[in-house]
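Chemist: Any chance you could fold what I've pasted below:
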Amino acid sequence: MRIENLVLLVEDDAPLKRSLEKFLNQAGYAYESCSTAREALTLAEKLRHDVVIVEYHLPDSNGTSLLEKLKLHAPKAAAIVLSEYDFQAVATDLNRARIEFYLKKPFDLVDLETALSSACVKAGRPAQDEDWNGADSRGVLASTSTEGNLGNGNSTASS
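Modeler: As a prediction, the model looks like this:
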């Protein structure tokens with residue numbers, strides 16, 4: 001299990017949020033989740049997160065602006081941004097906020113696991129070398145996509 005890595009998930013789309021929570025649970029990550037920037041900041045005051053997964057477009061903030069504030073609480077936390085926008089459309093914001101990973105929706109669970117593992121290493125707390133034993137990785141998030149997974153694997157890692 002990866003209980004030493006604490007993940008903060010900030011996603012306002014309820015079905016996707018539930019699916020990502022299920023994935024994090026099955027993958028063995030300790031996590032907290034919320035739907036708004038305000039809730040995320042409240043959670044960050046209580047605990048120091050190793051990895052933050054945040055939606056780019058939140059109802060009360062821009063995801064990169066939120067990440068800049070969260071970095072004040074946890075400066076070594078690695079960030080993964082999720083968005084429907086093409087990378088080029090948000091690249092300036094991502095670079096300004098020093099975002100390590102970007103996943104374009106819809107994305108593949110394999111890409112999410114790769115980004116999470118790399119983010120844990122970047123945060124200085126590597127994930128243990130253990131499979132998360134998801135019997136059908138494409139079925140875990142089936143409710144969010146007609147393809148039976150999170151999508152076509154369009155993802156971009158940035159440093």
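Chemist: from here on, contacts and neighbour counts on C-alpha atoms
Modeler: OK.
Chemist: And the pLDDT at A91?
Modeler: We have a pLDDT of 87 for A91.
Chemist: now the one 5 residues further on
Modeler: If you check R96, the pLDDT there is 85.
Chemist: Tell me what the residue nearest the centre of the chain is bridged to.
Modeler: Geometric centre of the chain, nearest residue: I53, 2.3 Å, by CA atoms, centre = their mean. Beta-bridge partners for I53, by DSSP bridges, are L9, I80.
Chemist: tell me the contacts of it?
Modeler: Going by CA atoms under 8 Å, 6 or more residues apart in numbering, I53 touches 7-10, 79-82.
Chemist: Would you check how far apart it and L72 are?
Modeler: Separation of I53 from L72 (CA to CA, to the nearest Å) stands at 16 Å.
Chemist: What average pLDDT does stretch 99-107 get?
Modeler: The average pLDDT within stretch 99-107 is 91.
Chemist: do the same with stretch 13-32
Modeler: Stretch 13-32 shows a mean pLDDT of 95.
Chemist: all helices in this protein, in order from the N-terminus.
Modeler: Using DSSP state H, the helices of the chain run over residues 14-27, 37-46, 63-73, 87-96, 109-122.
Chemist: Need the ones you listed in JSON lines (columns: distance to Y102 and mean neighbour count).
Modeler: Listed next are the helices of the chain as JSON lines, based on distance: least, CA to CA, whole Å; neighbours: other CA atoms under 10 Å:
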{"stretch": "helix 14-27", "distance to Y102": "15", "mean neighbour count": "17"}
{"stretch": "helix 37-46", "distance to Y102": "18", "mean neighbour count": "16"}
{"stretch": "helix 63-73", "distance to Y102": "11", "mean neighbour count": "20"}
{"stretch": "helix 87-96", "distance to Y102": "8", "mean neighbour count": "14"}
{"stretch": "helix 109-122", "distance to Y102": "8", "mean neighbour count": "20"}
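Chemist: I'd like these as JSON lines, with distance to H57 appended.
Modeler: Compiled in JSON lines, the helices of the chain are given as follows (distance: least, CA to CA, whole Å):
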{"stretch": "helix 14-27", "distance to H57": "14"}
{"stretch": "helix 37-46", "distance to H57": "10"}
{"stretch": "helix 63-73", "distance to H57": "6"}
{"stretch": "helix 87-96", "distance to H57": "11"}
{"stretch": "helix 109-122", "distance to H57": "18"}
